[in-house]
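J.: coordinates for the following, if possible.
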Amino acid sequence: MTDQTQAAAQSYEFRAEIQQLLNILVHSLYTEREIFLRELISNASDALNRAQFEMLTNKEVLDPDAELGIQISVNKDEKTITVSDTGIGMNRDELIENLGTIAHSGALSFLNALKASKGENVPSSDIIGQFGVGFYSVFMVADRVSVTSRSFRSTEPAYTWNSDGSNSYTIEPSDKTNRGTDVVIYVKDDAGEFLSDYRLQQIVRKHSNYVAFPIKVGDAVANAQQAIWRRSPREISDQDYLDFYKQLTFDPRDPLLRVHQVSDAPVQFYSLMYVPSKLDRGLFAVDHEGGPQLYARKVLIQQHAKDLLPQWMRFVVGVVDSEDLPLNISRETVQSNRVMTKLKSTLSSKLIGEVETLAEKDADNYVSFWTEFGALVKEGVATDASNRDRLMNLLRFHTSKEPNGWVSLKEYVSRMAEGQNEIYYLFGEDEKSIAFSPHLDPFKSRGIEVLLLTETIDSFMINTVHEYDSRHLRNGADSELELPASPSEETAGEALEATPLHTLIEHFKRALGDRVSDVRESKVLNESPARLVGTEKDMGADMERVYRMLGKEYSAPRRTLEINPRHPLIHNLSAMGDNALVDEVAVQLYESALLLEGIHPNPADMVPRIQALMEAATRHQS
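T.: Residues are numbered from 1 along each chain as shown. Predicted coordinates for the structure are as follows:
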């Protein structure tokens, strides 16, 4: 630059309130310093789009044959990064207007002008730098910035804008001859990491990979340019979809499902999401970061957009790109409003629909899905009220009739026993422990199928689900079951009369004391000698297990012990009268019931009593 042009430099001061705002922008607004490059590329992309638009109607554009693109160069000796574009450029007044006023956005003015001339129906998908504050993020890494620009108007000379981000900037003539803008960043000492082509390539691929123009870092193009999710599904091969999934997730396995969606209403967006074939166990960690990547006009805004899908869908990976997102000033946070609500509803509904189709048309693959993600679907039933009815049709259960298979609620209802009006379930540690549960007795004898619930999430899910297909869901361990008569009960009358249970019940009450709330005769047990039951007001055994798992203070609950007058053990105990051994057996029956419920606070306490009972039995034999 000549002495003459240096002498022509003019200095301008930012207004006091703008100085304060600039300090906030640099030190508080952005969470990652690397964002500066995203903002500069977004502005350059807009300048290129505007040049492209201008050349459609204007034959007098400066450098009409210049390739539309962005060049990023590093000079380690001078500690500078230069971001250049061949876009629309700026004259002196535009430099002052666009860079001297923090809240101004040249791209937004361009859009407003288009709408004024052509109405509201203006394509804006490639206008991404609509935030005038974005440029100033450069001062997170820069001691000083120089912006040299030459307008597309051939008669306009070039000018250079300089600022150190303090209270002033200068404008001076430049000898730049080609169209476009060069932003030269004089890098701070503590930002040396950015003086690396490799580091800048990483940032481009992370934040600006799908900008429509080539972005060169050094001699190599760093961005993919074309966003696969913005292409028509008819143009994309299965291999393209698979390659993108592996690039996105680094998962060596093929995904189980993919959902490519393009929508103009009620919200304009593009999305490409996948359901992996295997569950990432880290999904259940408290600090897990889930959610698809969020783009606004092909620029990455959030790496993990948790608010785009219901929390239970955190196993879904992919990208969502929208024209209508209400972003905050730093473009790092999406503001909550009706657009986000509609987008979340549309995305989740589409994903659920694809899973419903899988369940209906490909049972084997759906079992694979359920095996991996069933617990999260149950979480959805418990927490996602708007989709609960649809999710209930996706539930699958092991049952007393199919302990190794999977049964839907629809299938369960279709084969309910004659006279059965409710859907029954039982909680347990696993299917094998429920198979020995005394609560299963009355259902076996009546041919009634029972859902086997063995996961922690089942407790929360069942508390939000009260009926399905107008059938009430009922815990098989409830104390007041109303069941049809079983064939075995027809012959139980004589045994019932012959067993003096009143005396035995009083004996049990004395032996157990306040460990139980009551002891009574069972009307439903067949094969088991006793069971513990509670009322609907009592905490269920399922929630008691949860409390223990969470380390909450826990003691064995006070329940009602039911004894079976049809069982040989009860007959024999009744015949023993006031024998002290009856007390030991009564306590052991109670604790065995606790163990079968999975709620015994300390099973090892039973060992001495069991040994004593075995010794008594052997003495009796001898």
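
J.: residue 44 is in contact with residue 83, isn't it?
T.: Yes. Counting by Cβ atoms under 8 Å, residue 44 touches residue 83, with 6.4 Å between them. C-beta coordinates here come from the backbone N, C-alpha and C atoms, glycine included.

J.: can you list residues touching both of these two?
T.: By Cβ atoms under 8 Å, 6 or more residues apart in numbering, residue 44 and residue 83 have these common neighbours: residue 70.

J.: more neighbours, the two?
T.: Between residue 44 and residue 83, residue 44 has the larger neighbour count (other Cβ atoms under 10 Å), namely 27 against 23.

J.: ok, the more buried one - contacts?
T.: Residue 44 sits next to 70, 83-85, 87, 129, 181 when contact means Cβ under 8 Å, 6+ apart.

J.: farthest pair in those residues?
T.: Maximum pairwise distance among these (Cβ to Cβ): 15.6 Å, between 84 and 129.

J.: disregarding flanking residues, what is the spatial nearest neighbour of residue 397?
T.: residue 451 (4.5 Å; Cβ to Cβ, 6 or more residues apart in numbering).

J.: I'd guessed the one you found sits against residue 412; true?
T.: Yes. Residue 451 is within contact range of residue 412, at 7.0 Å (criterion: Cβ under 8 Å).

J.: the strands in the stretch 151-300 of the chain, which residues?
T.: 158-163, 168-174, 180-187, 215-217, 220-221, 257-263, 269-275, 293-296, 299-302 (DSSP state E, counting those that start in this stretch).

J.: go on, the stretch 451-600 of the chain?
T.: Going by DSSP E, counting those that start in this stretch, the stretch 451-600 of the chain shows strands at 467-468, 471-475, 516-521, 530-533, 559-563.

J.: please tabulate those in JSON lines, including the columns mean pLDDT and distance to residue 65.
T.: Formatted as JSON lines, those follow (pLDDT from 0 to 100; distance: least, Cβ to Cβ, whole Å):
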{"stretch": "strand 467-468", "mean pLDDT": "94", "distance to residue 65": "69"}
{"stretch": "strand 471-475", "mean pLDDT": "93", "distance to residue 65": "73"}
{"stretch": "strand 516-521", "mean pLDDT": "92", "distance to residue 65": "91"}
{"stretch": "strand 530-533", "mean pLDDT": "90", "distance to residue 65": "87"}
{"stretch": "strand 559-563", "mean pLDDT": "91", "distance to residue 65": "87"}
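
J.: export the ones you listed to a markdown table and tack on distance to residue 356 and mean neighbour count?
T.: Formatted as a markdown table, these follow (distance: least, Cβ to Cβ, whole Å; neighbours: other Cβ atoms under 10 Å):
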| stretch | distance to residue 356 | mean neighbour count |
| --- | --- | --- |
| strand 467-468 | 16 | 14 |
| strand 471-475 | 21 | 16 |
| strand 516-521 | 45 | 18 |
| strand 530-533 | 38 | 24 |
| strand 559-563 | 41 | 22 |
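
J.: and of those strands, who's closest to residue 595?
T.: Closest approach to residue 595 among these is made by strand 530-533 (10.5 Å; Cβ to Cβ).

J.: what's that closest one packed up against?
T.: strand 559-563, helix 580-597 (3 or more Cβ pairs under 8 Å, 6 or more residues apart in numbering; DSSP states H and E).

J.: would you single out the least confident of the strands of the stretch 151-300 of the chain?
T.: With a mean of 82, strand 299-302 has the lowest mean pLDDT of these.

J.: report the strands that pair with the helix or strand following that strand, each with its relative direction.
T.: Using DSSP states H and E, the next helix or strand after strand 299-302 towards the C-terminus is strand 317-322. Applying DSSP bridges to the sheet, strand 317-322 is found paired with strand 269-275 (antiparallel), strand 293-296 (parallel).

J.: residue 135 is nearest to which of those?
T.: strand 293-296 (17.1 Å).

J.: now what about the closest one, what contacts it?
T.: With Cβ under 8 Å, 6+ apart, strand 293-296 has contacts from 128, 210, 227, 248, 300-305, 308, 318-323, 325, 327, 331, 334.

J.: export that strand to PDB, keeping only CA atoms.
T.: Presented in PDB, the C-alpha positions along strand 293-296 are these (Å, rounded to 0.1, in the frame of the first residue of the first chain):
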ATOM      1  CA  GLN A 293     -27.000 -32.600  14.700                       C
ATOM      2  CA  LEU A 294     -28.800 -29.400  14.100                       C
ATOM      3  CA  TYR A 295     -28.100 -27.300  11.000                       C
ATOM      4  CA  ALA A 296     -29.500 -23.900  10.000                       C
END
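
J.: list residues touching both of residue 451 and residue 412?
T.: With Cβ under 8 Å, 6+ apart as the test, residue 451 and residue 412 both reach 397, 399, 423.

J.: shouldn't the first one be in contact with residue 452?
T.: In other words, residue 397. Yes. Between residue 397 and residue 452 there is a contact at 6.6 Å, judged by Cβ under 8 Å.

J.: tell me the contacts of the closest residue to residue 558 other than its chain neighbours?
T.: Nearest residue to residue 558, sequence neighbours excluded (Cβ to Cβ, 6+ apart): residue 517, at 4.6 Å. Residues counted as contacts of residue 517 (Cβ under 8 Å, 6+ apart) are 558-560.

J.: low-confidence ranges, the stretch 351-500 of the chain, go.
T.: Applying pLDDT under 70 to the stretch 351-500 of the chain flags residues 486-500.

J.: which stretches in it count as helices?
T.: Under the criterion DSSP state H, counting those that start in this stretch, helices of the stretch 351-500 of the chain are mapped to 363-383, 388-392, 409-414, 431-435, 441-446, 456-462, 493-498.

J.: quickly compare those helices and say which is most buried.
T.: Stretch with highest mean neighbour count among the helices of the stretch 351-500 of the chain: helix 441-446 (a mean of 21; mean count of other Cβ atoms under 10 Å).

J.: and it, what other elements does it pack with?
T.: Checking 3+ Cβ pairs under 8 Å, 6+ apart, helix 441-446 ends up next to no helix or strand.

J.: what does it contact?
T.: Under Cβ under 8 Å, 6+ apart, the answer for helix 441-446 is 400, 417, 424, 448-450, 476, 481, 483-484, 486-489, 524-528, 531.

J.: how does it look with 6 Å?
T.: 450, 483-484, 486, 488, 524-528 (Cβ atoms under 6 Å, 6 or more residues apart in numbering).

J.: how about stretch 410-420?
T.: Contact partners of stretch 410-420, identified using Cβ under 6 Å, 6+ apart, comprise 447-448, 469, 484.

J.: swap in stretch 575-586?
T.: By Cβ under 6 Å, 6+ apart, stretch 575-586 touches 507-508, 511, 573, 613, 616.

J.: now the residue positioned nearest the centre of the chain, nearest residue through space, not along the chain?
T.: What sits nearest the mean C-alpha location of the chain, by Cα atoms, centre = their mean, is residue 314, with 2.3 Å. For residue 314, ignoring the flanking residues on the chain, the nearest one in space by Cβ to Cβ, 6+ apart is residue 290 at 3.3 Å.

J.: now the end-to-end length of stretch 242-257.
T.: 11 Å (Cα to Cα, to the nearest Å).

J.: make that stretch 354-373, sorry
T.: Using Cα to Cα, one end of stretch 354-373 lies 14 Å from the other.

J.: any idea how far that stretch is from the middle of the chain?
T.: 19 Å (Cα atoms, centre = their mean, to the nearest Å).

J.: then stretch 160-172?
T.: For stretch 160-172, the distance to the chain centre is 45 Å (Cα atoms, centre = their mean).
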